[in-house]
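Trainee: Sequence first, predicted model second:
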Amino acid sequence: MAGFSALGIWQLERRVWKLDLINRVDQRLKAAPVAAPWPSAWPAINAGDDEYRQLAVSGRFVDGRETLVQAVTDLGGGFWVMAPFRTDDGFTVLVNRGFVPPDKRDPATRQRARPSGDRTVVHGLLRMTEPKGGFLRANDAAANRWYSQDVKAIAAALGIPQAAPYFIDADATPNPGGWPVGGLTVIAFHNNHLVYAVTWFGLALIVLGAAVVFVLFHEKV
């Protein structure tokens, strides 16, 4: 019984933490964009304090380099287009420019985003690296097969020696020709902790009730 009660209390504590996280993320989404974190701030970046911050970064996409990461979106199956972006501040950050269907995976099938070296401003959300792969598959850099946005590995494969440890999900600002399609970030937090807590406390009560019945039965015997 004590074990079940402890698990119930732990779930209530997790619920408080989750509600606080949801509130903090909601505040970030409503806030005005800020500059992308500089290299001096990189060691302190973490999901709890930084993910989903609104960012605005100016610079230039590194022409001719991109990595396709398998994706499933509201537009169907296809790929995220990850492209290195050289900021005016001198560091490089990977930008998820958005989604393309399989028939648009080849850059030649899409209109060029902008002339080579043309300066632009990217607005989007700070996202944390995803180093463990996805779709029950590990990333295979050698074969250029990517199932998650593993920033360090993708940057290495693109020949970028040092890139920000986060990436940016570009917003829904249309790209020339309509592809890639940005602004498809899914922000959802599962919050079933109250249900779990009720379940654990319910089991604790069942055990308590069984113990009471057992004691009463033996007293009668």
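Mentor: Great, that's in hand.
Trainee: show me the biggest strand of this protein in terms of residues.
Mentor: Ranked by number of residues, the top strand in the chain under DSSP state E is strand 76-87.
Trainee: ok, and what's touching that one?
Mentor: 36, 57-62, 65-71, 92-102, 104-105, 122, 146, 149, 154-155, 158, 160, 163, 167-168, 180 (CB atoms under 8 Å, 6 or more residues apart in numbering). Glycine gets a C-beta too; all of them are placed from N, C-alpha and C.
Trainee: Can you turn the buried part of these into a ChimeraX selection?
Mentor: Restricted to buried positions by 16 or more other CB atoms under 10 Å, the ChimeraX selection for the contacts of strand 76-87 reads:
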select :36,57,59,60,61,62,66,67,68,69,70,71,92,93,94,95,96,97,98,99,100,101,104,122,146,149,154,155,158,160,163,167,168,180
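Trainee: on that earlier part again, output the longest strand of the chain in CSV with nothing but the alpha carbons.
Mentor: Taking C-alpha atoms only, strand 76-87 is exported to CSV below (Å, rounded to 0.1, in the frame of the first residue of the first chain):
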residue,chain,number,x,y,z
GLY,A,76,1.7,13.5,-45.2
GLY,A,77,5.0,11.6,-45.2
GLY,A,78,8.1,13.1,-46.6
PHE,A,79,11.2,15.0,-45.3
TRP,A,80,12.3,17.9,-43.2
VAL,A,81,14.9,20.0,-45.1
MET,A,82,17.8,20.8,-42.7
ALA,A,83,20.0,23.6,-44.0
PRO,A,84,23.1,25.3,-42.4
PHE,A,85,22.7,29.0,-41.9
ARG,A,86,25.6,31.3,-41.4
THR,A,87,24.6,34.1,-39.1
